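[1] Sequence and predicted model, in that order:
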2 protein chains.
Amino acid sequence: MKRNLEHIKYKEDTKTLAKFAKALGHPTRIAILKHLEKQSCCFTGDLVDVFPLAQSTISQHLKELKNVGLIQGELKPPKIKYCINQTNWKIAKSLFQQFFD
Amino acid sequence: MKRNLEHIKYKEDTKTLAKFAKALGHPTRIAILKHLEKQSCCFTGDLVDVFPLAQSTISQHLKELKNVGLIQGELKPPKIKYCINQTNWKIAKSLFQQFFD
DNA sequence: AAAACCAATCGTATTTTTACGATAAGAAAT
DNA sequence: ATTTCTTATCGTAAAAATACGATTGGTTTT
């Protein structure tokens, strides 16, 4: 963006929905979430085995999903166990639901 | 992306869902679609009045929504009437639905 | 105490996205 | 025929996203 257009006032729901959608806007992140849904939980290393991507790249995608609150990490030294954040998952679900009618 | 990683094989549904999500990943585009849902249809100019964005920017967002098939444009010279593409809308809806369970 | 393990972060390169103004293209009105 | 209206497209600039390798930090194992 060339200019600062953050003064555009969108409704809160619109912004939140866009934020979730953006996080889902990459096939790797969709695949990670599908994996988490099936497995219920998993470690970063599991994903590095599943996807032909560098560890740092996977970590980056996980961070993004964590930042929008769709997943959460629990320390299980020396690993980190990632799960879906059920609270926010439900929020996202209902936002998409009502968006599509 | 530094390297060509298009050889990563994602399932078709995963790619399609990510594509739709990406298109929804901007508040302006969410707002445009909400507007279209309410109005059922509208012209580019209407949107230019609603959003404090340049006409070319609105046009660009519309193009993106059209490219993923969420909307379609009908020539009503000298205007263009945009509507939601119901067929693809339903596909997107069901993909999100089954994704969220 | 040292080595090994796991995952985040840093630095960086490339590509894509987002926004704008200016221009072009088409039809309608004058 | 010229002007007006509407929208797409072009060119461009700035920012964000995507990917990688290398490094760092924290545990655990040896």
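    Arrived safely. Numbers count the residues shown, from 1 in each chain, chains lettered A, B, ... in the order given.

[2] confidence score at the residue nearest the centre of chain A?
    By CA atoms, centre = their mean, chain A has its centre lying nearest to A:Leu65, at 2.5 Å. pLDDT for A:Leu65: 98.

[3] what's the answer for the one 5 residues further on, then?
    Note on A:Leu70: pLDDT of 97.

[4] since we're on it, how many residues are nearby?
    21 (other CB atoms under 10 Å in any protein chain shown). For glycine as for every other residue, the C-beta is placed from the backbone atoms N, C-alpha and C.

[5] Confirm for me that it is in contact with A:Ile84.
    Yes. Applying CB atoms under 8 Å, one finds A:Leu70 in contact with A:Ile84, separated by 6.8 Å.

[6] residues in contact with A:Tyr10?
    A:Ala18, B:Pro27, B:Thr28, B:Ile30, B:Ala31 (CB atoms under 8 Å, 6 or more residues apart in numbering or on different chains).

[7] and it, backbone torsions?
    phi -100, psi 160 (degrees, to the nearest 10).

[8] any idea how far B:Gln72 is from it?
    24 Å (CB to CB, to the nearest Å).

[9] And A:Glu12, by the same measure?
    On the measure of CB to CB, A:Glu12 and B:Gln72 end up 29 Å apart.

[10] Same question for A:Lys15.
    On the measure of CB to CB, A:Lys15 and B:Gln72 end up 26 Å apart.

[11] now swap in A:Leu24 and tell me
    A:Leu24 is 23 Å from B:Gln72, by CB to CB.

[12] Show me the shaky parts of chain A.
    A:1-7 (pLDDT under 70).

[13] can you map out the helices along it?
    A:12-23, A:27-39, A:44-50, A:55-67, A:86-99 (DSSP state H).

[14] of all those, which lies closest to B:Leu47?
    For those, proximity to B:Leu47 was assessed by CB to CB; helix A:12-23 is nearest, at 14.4 Å.

[15] Next to chain B in this structure, residues from chain A, please.
    Neighbours of chain B within chain A, by CB under 8 Å from any CB of the partner chain: A:5, A:7-8, A:10-11, A:14-15, A:17-19, A:21-31, A:33-34, A:37, A:51-53, A:89, A:92-93, A:96-97, A:99-101.
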